[in-house]
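1. For reference, the sequence and a predicted model appear below.
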Amino acid sequence: MKTKKLKKVWVVLGILIFAIVVTLGCIKLYRVKQARQCGILLAFDDYSPGSWTEALELFDKYNVHVTFFVAWDEPTEFCYKALEKGHEIGFHTIGHTDVTDMDEEELQRCVIDPIETFRNGGIEMTSFAYPYGFHDDETDERLLEYYKVVRGAWYYEVHSKADLRHGFVEAYPIDNIHFETDEEFQAKIDQILQELSDNVGAVTCLYSHAIDVGDWCVKPERLEYLFQKADELGLKFYTFKELQNN
Ligand SMILES: [Zn+2]
């Protein structure tokens, strides 16, 4: 009788150990997959709540999360709506002035103090985009005391995910004005996304402004092309904050 009981205990113990080993293996595989996953940080600068709100449905359709770098002095209804949908609110100055041209008082008022204003409204901003992409080592060093990541606006660069934890990262403009035709836009997107997907654990930042037909906007159809192509190649869309805490 005693031996039978002991046998039962050993069987249960064996099953338990097996289950633990399998679970740990799955967690490890999942982590490796996450680390190897390549993706895109898509951003929209300035402040275009009308066109941005209209695009929320499109983002939902493709399960895309983006970062809105707002040039605004306080949290707005749009900010809360975007956060609710899993997007991020980053900052882009009050007044859209070249940061390298600001004196200490202006830098404090237009770049640093708003962090507290938004925090008081329940929004923790940790990412900053330089107006016109103008920056230097001094501004980077100063702003990185307050923001985890500061972003440029000129070049296409492939970053490792670790670069997104803290520091300066570049971003490539995808505004309509840079591509004469949809075919030209699509060819560039194909090239960028293909290169990304050939990497391991790499990300790149793309940005525009309003989501519309104007010069300094990106057309919704072009965004949809980007989302479809990314999906086809198995690329993920990240917010900046998501990778800061990675
Ligand atoms: Zn801007």
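-> Cool, got the structure. Numbering: from 1, shown residues only.
2. Tell me how far the residue in the chain that the ion sits nearest to lies from residue 102.
-> Per Cβ to the ion, residue 45 is where the chain lies closest to the ion, at 4.1 Å. In this view, the C-beta of every residue, glycine as well, is placed from N, C-alpha and C. Residue 45 sits at a distance of 18 Å from residue 102 (criterion: Cβ to Cβ, to the nearest Å).
3. Same question for residue 121.
-> When residue 121 is compared with residue 102 (using Cβ to Cβ), they lie 24 Å apart.
4. The two: which has the busier surroundings?
-> In this view residue 121 and residue 102 are compared by other Cβ atoms under 10 Å, and residue 102 has more residues nearby, 17 against 12.
5. How about the contacts made by the more buried one?
-> 110, 111 (Cβ atoms under 8 Å, 6 or more residues apart in numbering).
6. Ignoring the adjacent residues along the chain, who's closest to residue 106?
-> residue 97 (7.1 Å; Cβ to Cβ, 6 or more residues apart in numbering).
7. Point out the residues in this structure that sit beside the ion.
-> Contact residues (Cβ under 5 Å from the ion) of the chain with the ion: 45, 46, 131.
8. Which residues does the first one form beta bridges with?
-> With DSSP bridges as the criterion, the beta-bridge partners of residue 45 are residue 69.
9. And the pLDDT for it?
-> With respect to pLDDT, residue 45 scores 98.
10. give me the number of residues near it?
-> Counted by other Cβ under 10 Å, the residues lying close to residue 45 total 27.
11. how far away is residue 71 from residue 98?
-> 13 Å.
12. who's in contact with the residue most central in space within the chain?
-> Most central in the chain under Cα atoms, centre = their mean is residue 239, positioned 2.4 Å from the mean C-alpha point. Contact partners of residue 239, counting by Cβ under 8 Å, 6+ apart, are 41, 65, 66, 67, 86, 87, 88.
13. can you give me phi and psi for it?
-> phi -90, psi 160 (degrees, to the nearest 10).
14. The residue nearest to residue 106: neighbour count?
-> 17.
15. hmm, back to that, which of the contacts of residue 239 are buried? Put it as a PyMOL command.
-> Buried subset of the contacts of residue 239, written as a PyMOL selection, criterion 16 or more other Cβ atoms under 10 Å:
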select buried, resi 41+65+66+67+87+88
